[in-house]
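> Structure for this input, please:
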Amino acid sequence: MNSTTKSHLNELLKFIQGQLDARELKRAIAVKLALEEYSYHQIQSILNVSVGFISKWKKAFLSQGIEGLLLAHKGATPLLNQQQKPTVIEWLKQKDFWDVKALYSYILSNYQITFKSQKSYYNLFKEAGISWKKSQKKNPKKEPEKVKEKKRNKREVIRLERKN
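Numbers count the residues shown, from 1 in each chain. As a prediction, this is how the structure comes out:
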């Protein structure tokens, strides 16, 4: 074993001892075993990985060092930046009545941003300390006319479905 391989093994051993992510750990162990001259088939049976897995991560380690074994995905960048988000949350806290459409309009008109998922809007409510229940204006059951209208609409839909 030459000195380069020994230094690579020492580097890998330090990384393995401090590693918490199982995927990165498996990569490092596969490379370590390959550098210790285990056959790829032995490593494959020990770690339950493919020969391609071993080859890929060994090549990545030899060209990039430990950085080559790290997870590359860092997550998406948020649409609202660090100054905009607190401003939106403060705007929500100042309102007497909350609704997703109003929040959507506010963000679109002020920042030209539209979230792909409604969950992003609900998360802003949550961060502002506003629950979905709290955001409703009034309990609709306490407004008999609205309840009657909703029942009428349901009956209409059922009747139309039966015709078809």
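
> check contacts around the residue lying closest to residue 118 once chain neighbours are set aside.
Distances taken as C-beta to C-beta, 6 or more residues apart in numbering place residue 100 nearest to residue 118, at 6.7 Å, with adjacent residues excluded. For glycine as for every other residue, the C-beta is placed from the backbone atoms N, C-alpha and C. When contacts are counted by C-beta atoms under 8 Å, 6 or more residues apart in numbering, residue 100 is found next to 118, 121-122.

> Turn those into TSV, columns for distance to residue 104.
Below are the contacts of residue 100 laid out as TSV (distance: C-beta to C-beta, whole Å):
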residue	distance to residue 104
118	9
121	6
122	12
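
> Among those, which lie within helices?
Per DSSP state H, helices hold the following members of the contacts of residue 100: 118, 121-122.

> Whichever of the residues you listed end up buried, select them in PyMOL.
The PyMOL command for the buried members of those (criterion: 16 or more other C-beta atoms under 10 Å) is given here:
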select buried, resi 121+122
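
> Out of the ones in helices among the contacts of residue 100, the closest to residue 160 would be?
Nearest to residue 160 among the ones in helices among the contacts of residue 100, counting by C-beta to C-beta, is residue 118 at 27.8 Å.

> For residue 82, see how far away that closest one is.
In this view, residue 118 and residue 82 are 23 Å apart by C-beta to C-beta, to the nearest Å.

> And residue 54, by the same measure?
42 Å.

> Between these two, which is the more surrounded one?
Ranked by neighbour count (other C-beta atoms under 10 Å), residue 54 and residue 82 place residue 54 first, with 22 against 7.

> and residue 14, what element?
helix 3-18 (DSSP states H and E).

> who touches that helix?
For helix 3-18, contacts defined as C-beta under 8 Å, 6+ apart pick out 1, 25, 28-29, 31-32, 35-36, 61-62, 65-66, 69.

> got it, and stretch 117-127?
Applying C-beta under 8 Å, 6+ apart, the external contacts of stretch 117-127 come out as 79, 85, 88-89, 92, 98, 100, 103-104, 115, 131-132, 135.
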